[in-house]
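**Student:** Would you be able to build a 3D model of this:
(one chain, ligands or ions: 1)
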Amino acid sequence: MNREALIAAVKEQMPERRWLHTLGVMETSVMLAERFGGDAEKADLAAILHDYCKYWPVQEQAKIIRENGLPQDLLDYDKELWHSHAGAFIAHSQFGIDDEEVLDAIRYHTSGRENMTLLDKIVCLADYMEPGRDFPGVDNIRELAKTSLEQALIAGFDSTISFLLAKGKRIYPLTVLTRNDLLQQLQS
Ligand SMILES: Nc1ncnc2c1ncn2[C@@H]1O[C@H](COP(=O)(O)OP(=O)(O)O)[C@@H](O)[C@H]1O
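**Tutor:** You can find the predicted model right below:
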């Protein structure tokens, strides 16, 4: 499927405001790839597809996770974590994307993971700081992203973790491991 057809397919899956968010993530991913020496074409593709399943019924997302050997522990945590893994699965099974780097960037764009690739970092950070985002601390993330993917991502994960703590919600541990790993990367 060519890029235009893929974009049309994605647009159909979500309300207008989420499509505008996707456009923002596409633009920001390409900008970050150019800034930090990443692959702009792969960043664009992962960004196009990253929220493909976001508005699917949660039961459908859970079914994809249950029936296809995706990490079962996700089902014990916030439903917002599910669409990323379901999205990577669909990108492969429905759209034939077989570039593991692109699939991983989709898969880990919400939780992060240890040893994030450059592409993982770019797409995850773009999701935090695209121009449509407006939450306390987003301007600081944008400022940090001028020089450091890692520092900007840590600020992003800090804000997610603080949000979850304030709400009394459980934290999917991979995000904590990701943050520790990024701090370690800054030291070495
Ligand atoms: N480690 C985590 N544990 C539990 N929930 C998480 C974790 N990381 C992210 N989330 C949930 O996912 C949300 C962000 O998901 P995301 O795909 O970025 O959604 P959106 O694009 O709507 O902000 C957070 O607000 C939080 O509810």
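**Student:** So which residue is dead centre in this protein?
**Tutor:** In the chain, the centroid-proximal residue (C-alpha atoms, centre = their mean) is His109; its distance is 2.0 Å.
**Student:** in stretch 22-30, what's buried?
**Tutor:** Thr22, Leu23, Gly24, Val25, Met26, Thr28, Ser29, Val30 (16 or more other C-beta atoms under 10 Å). Any C-beta I mention is one placed from the backbone N, CA and C, and that applies to glycine too.
**Student:** Closest one to Glu143 out of the residues you listed, please.
**Tutor:** Nearest to Glu143 among those, counting by C-beta to C-beta, is Thr28 at 14.2 Å.
**Student:** Please name the residues that touch that closest one.
**Tutor:** Ala47, Leu125, Ala126, Met129, Glu130, Pro131 (C-beta atoms under 8 Å, 6 or more residues apart in numbering).
**Student:** Quick one: residues contacting the residue lying closest to Ile171 once chain neighbours are set aside.
**Tutor:** Spatially, and ignoring its direct neighbours in sequence, Ile171 is nearest to Leu164 (5.2 Å; C-beta to C-beta, 6 or more residues apart in numbering). Under the criterion of C-beta under 8 Å, 6+ apart, the neighbours of Leu164 are Asp78, Arg170, Ile171.
**Student:** which element is Leu164 on?
**Tutor:** Using DSSP states H and E, Leu164 sits within helix 149-166.
**Student:** Look up which helix or strand His85 falls in, please.
**Tutor:** helix 82-93.
**Student:** cool, Glu34 as well?
**Tutor:** helix 16-36.
**Student:** okay, the angle between that helix and helix 149-166?
**Tutor:** Here the directions of helix 16-36 and helix 149-166 differ by 150 degrees (axes from the mean of the first three to the mean of the last three C-alpha atoms, to 10 degrees).
**Student:** Distance from the chain centre to the helix or strand that helix 16-36 is followed by, please.
**Tutor:** Once helix 16-36 ends, the next helix or strand along the chain (criterion: DSSP H and E) is helix 40-49. Distance of helix 40-49 from the chain centroid (C-alpha atoms, centre = their mean, to the nearest Å) equals 11 Å.
**Student:** Which elements pack onto helix 40-49?
**Tutor:** helix 3-11, helix 16-36, helix 100-107, helix 118-129 (3 or more C-beta pairs under 8 Å, 6 or more residues apart in numbering; DSSP states H and E).
**Student:** Pull the CA coordinates from the second one and hand them back as CSV.
**Tutor:** Taking only C-alpha atoms (Å, rounded to 0.1, in the frame of the first residue of the first chain), the coordinates of helix 16-36 have been written out as CSV:
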residue,chain,number,x,y,z
GLU,A,16,-10.6,14.5,13.3
ARG,A,17,-8.8,15.7,16.4
ARG,A,18,-6.8,12.5,16.7
TRP,A,19,-5.9,12.7,13.0
LEU,A,20,-4.6,16.2,13.6
HIS,A,21,-2.5,14.7,16.5
THR,A,22,-1.2,12.0,14.1
LEU,A,23,-0.3,14.8,11.5
GLY,A,24,1.6,16.6,14.4
VAL,A,25,3.4,13.4,15.3
MET,A,26,4.4,12.8,11.6
GLU,A,27,5.7,16.3,11.3
THR,A,28,7.6,16.2,14.6
SER,A,29,9.0,12.7,14.0
VAL,A,30,10.5,13.8,10.7
MET,A,31,11.9,17.0,12.3
LEU,A,32,13.5,15.0,15.2
ALA,A,33,14.9,12.5,12.7
GLU,A,34,16.6,15.3,10.8
ARG,A,35,17.8,16.9,14.0
PHE,A,36,19.3,13.7,15.5
